[in-house]
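**Student:** Provided below are the primary sequence and the corresponding predicted coordinates.
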Amino acid sequence: QVQLVESGGGLVQPGGSLRLSCAAAGSIRRIESMGWYRQAPGTQRELVAAITTDGRTNYADSVKGRFTISRDDAKNTMYLQMNSLEPEDTADYYCKAVRVSYPCIECQPIRNEYWGQGTQVTVSS
């Protein structure tokens, strides 16, 4: 099992910045990727940014150039630096981890997803 706890959300004015954190605990050794997702009222949850263990990143087009995802393996923590925030960024932000496991030596890998409880971000003047 992997436990994820997000923090750093809040109310910010348009053009402002926030940094979200996602602290991971538990069976984290085989986490192969982590990501940030968001969900606004009445919409589906969408990918914001993701990062793999070897540092490859992926961003939604709507946040490219404004958001930066990073991870500090020594602290078992992932971050999302959000700059130039817009009202459209208002949502609940969730952290996700994908952990791979091998039931046996010749078995196909099994991937399990773990989610945090979310942190609210509101961009408003």
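**Tutor:** Now that the structure is in, tell me what you want to look at.

**Student:** Could I get the pLDDT score of D73?
**Tutor:** If you check D73, the pLDDT there is 89.

**Student:** Neighbours of it, how many?
**Tutor:** Neighbourhood size, D73 [other CB atoms under 10 Å]: 11. In short, each C-beta sits where N, CA and C put it, glycine included.

**Student:** What of V98?
**Tutor:** Other residues lying near V98 total 17 when counted by other CB under 10 Å.

**Student:** isn't V63 right up against A49?
**Tutor:** Yes: with contacts counted by CB atoms under 8 Å, V63 reaches A49, the gap being 6.6 Å.

**Student:** Are we agreed that G15 is in a helix?
**Tutor:** No: the assignment for G15, made by DSSP: H, G, I helix; E, B strand; the rest coil, is coil rather than a helix.

**Student:** Name the nearest residue to it, sequence neighbours excluded.
**Tutor:** Spatially, and ignoring its direct neighbours in sequence, G15 is nearest to S84 (6.1 Å; CB to CB, 6 or more residues apart in numbering).
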